[in-house]
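Novice: How does the following fold in three dimensions:
(one chain, ligands or ions: 2)
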Amino acid sequence: MPDFDAEAFRRDIHANPELASEVPRTAKRVADTLEAAGLDVTRNVGGHGVVASVGEGAADHAVLLRADMDALPITEKTGVAHESTIAGRHHGCGHDGHTTMLVAAGLRLAANPPMRRVHLMFQPDEENGRGAKAMIDDGLLERFPVSSAFGLHVMPGMAHGTLATASGPFCAFEENFEITLRGHGGHASMPDRLADPLVAGAELVSALQTVVSRNCDPRDHAVLSVTNFETDGARNVVPSTVRITGDCRGFEGRVADVIKKSMKRIATGIATAHGIEVDVRISRSFSPLNNNSEAVAQAAFAAKEAGLFIEVDTPRCGFSEDFAAILERVPGAFVLIGQGGEGRHGRPLHDPGFEFDDTLIPKGAAFWEALARSGI
Ligand SMILES: [Zn+2]
Ligand SMILES: [Zn+2]
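Specialist: Ligands and ions are numbered 1, 2, ... in the order given. Model (predicted):
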């Protein structure tokens, strides 16, 4: 598109980051740009979600291509001229780049429509794992039916401009737990008259380290981390309540079941031993992401068409991805695009010093375009 300055578009979004489900400015920029180019744009899908459609064809050949629009609640430390204008907000996961690559692809497709229906999905609230579900709950997959779906995420440290994916489990599930221990607190000088939840809580933190190491199959990948320990005690007061929170990850549903059962058994056992009460709550924030092998083959074909190298058997990722909610309902694949290891482009995702590399935009857009034109 001669009149689309992709770099300026990306840098404008970068300088004006929006958080979670509140991404009205970014969504409007995306929708206005694609509507002006002639795409069929639907706004406010599940909040500020946008769907831009192009090409004609039956639903059983239609494809969904997805980008995310939200930033992170951290303060940017890149020092670039187009640095975030808002303290406490930073596009530290490259979603400004994902959005721009998909807009650039949409403009290419508008200029020369594909031989099938292509829906470009721009979702809010990826970081909290709620945006895809909000769009699904608003009828995304009924209003824009597709037979396959693809997502693309930038990856620092991976060779610049190369793609990587793999069939099967690819991104981890994430479940958060909150364990509340309730005893009877009081004067620190009279522990014999109390039911101390703090001593039980300390024992529980240690015991939780055995949930993975003594209960999960060693061939499975699983992580459990206790991340916070709060009490209502004071310098000279034994607490009545202890709250322990944390998160666990893995790739298979059965791993989640084993973790849940073990955690409840251990927490109940320790509480009983100390004569106190316990309440264990576990909630899922991200589903495991599974790539379909045919979709991986389609991605490999599109990468070659776009002149990009793709690794189709790359090791799976330890992080979680909201795109899993789409892949629970539609076969598809999640693909990584490398941006090398130099300077701010090589900083890890979610780092205050990380920034998306603009030179990836034409490569990502070419991959999206090839994917839209393939699989018919
Ligand atoms: Zn992220
Ligand atoms: Zn991300």
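
Novice: show me where pLDDT drops low in the chain?
Specialist: Across the chain, the ranges flagged by pLDDT under 70 are 1-2, 376.

Novice: before we move on, which element is the most centrally placed residue in it in?
Specialist: Nearest residue to the geometric centre of the chain (C-alpha atoms, centre = their mean): residue 321, 2.9 Å. Assessed by DSSP states H and E, residue 321 sits outside every helix and strand.

Novice: Excluding chain neighbours, what is closest to it?
Specialist: Distances taken as C-beta to C-beta, 6 or more residues apart in numbering put residue 171 closest to residue 321, at 4.4 Å, once the chain neighbours are dropped. In short, each C-beta sits where N, CA and C put it, glycine included.

Novice: Tell me how far that neighbour lies from residue 314.
Specialist: Residue 171 sits 12 Å away from residue 314, going by C-beta to C-beta, to the nearest Å.

Novice: which of those two has more neighbours?
Specialist: Each of residue 171 and residue 314 has its neighbours counted (other C-beta atoms under 10 Å); residue 171 has more, 26 against 17.

Novice: Hmm, the residue nearest to residue 321 is touching residue 324, no?
Specialist: Yes: between residue 171 and residue 324 there is a contact at 6.3 Å, judged by C-beta atoms under 8 Å.

Novice: and residue 149, how many neighbours?
Specialist: 24.

Novice: Ok, residue 367 next?
Specialist: 28.

Novice: what's the answer for residue 307, then?
Specialist: Neighbours of residue 307 using other C-beta under 10 Å come to 11.

Novice: Could you do residue 231 as well?
Specialist: For residue 231, the neighbour count with other C-beta under 10 Å is 18.

Novice: phi, psi of it?
Specialist: Main-chain dihedrals, residue 231, degrees, to the nearest 10: phi -130, psi 170.

Novice: Longest helix of this structure, counting residues only.
Specialist: The residue-count maximum for a helix in the chain (DSSP state H) belongs to helix 253-274.

Novice: who does it touch, helix- and strand-wise?
Specialist: Contacts defined by 3 or more C-beta pairs under 8 Å, 6 or more residues apart in numbering; DSSP states H and E place helix 253-274 against strand 173-182, helix 197-215, strand 222-231, strand 241-250, strand 277-286.

Novice: Name the next helix or strand downstream of the third one, please.
Specialist: In the C-terminal direction, the helix or strand that comes right after strand 222-231 (DSSP H and E) is strand 237-238.

Novice: what do you get for the first one?
Specialist: The first helix or strand that comes after strand 173-182 along the chain, using DSSP H and E, is strand 186-187.

Novice: what lines up beside that next one in the sheet?
Specialist: Strand 186-187 sits in its sheet next to strand 237-238 (antiparallel), going by DSSP bridges.

Novice: Contacts for the partner strand next, please.
Specialist: 185-188, 191, 194, 196, 198 (C-beta atoms under 8 Å, 6 or more residues apart in numbering).

Novice: Report the secondary structure state of the closest residue to residue 375 other than its chain neighbours.
Specialist: In space, not counting the residues next to it along the chain, residue 375 is nearest to residue 298; the distance is 5.0 Å by C-beta to C-beta, 6+ apart. What DSSP: H, G, I helix; E, B strand; the rest coil gives for residue 298 is helix.

Novice: where exactly do the helices run in the stretch 1-150 of the chain?
Specialist: 6-15, 24-36, 95-111, 131-137, 140-143 (DSSP state H, counting those that start in this stretch).

Novice: ok so, going back, report the buried members of the contacts of strand 237-238.
Specialist: 185-186, 194, 196, 198 (16 or more other C-beta atoms under 10 Å).

Novice: burial count for residue 151?
Specialist: The number of residues near residue 151, taken as other C-beta under 10 Å, comes to 30.

Novice: and it, what is it in contact with?
Specialist: Per C-beta under 8 Å, 6+ apart, neighbours of residue 151: 65-67, 321, 323, 326, 332-335.

Novice: ok but it is inside a strand, no?
Specialist: Yes: counting by three-state DSSP, residue 151 is part of a strand.

Novice: Quick check: chain neighbours aside, which residue is closest to it?
Specialist: Per C-beta to C-beta, 6+ apart, closest to residue 151 is residue 323, 3.9 Å.

Novice: Same question for residue 181.
Specialist: Residue 181 sits nearest to residue 197 (C-beta to C-beta, 6+ apart), 3.9 Å away.

Novice: Could you do residue 263 as well?
Specialist: Using C-beta to C-beta, 6+ apart, the nearest residue to residue 263 is residue 211, at 5.6 Å.

Novice: Test my guess that the one you found contacts residue 261.
Specialist: No: in this structure, residue 211 is not within contact of residue 261 by C-beta under 8 Å, at 9.4 Å.
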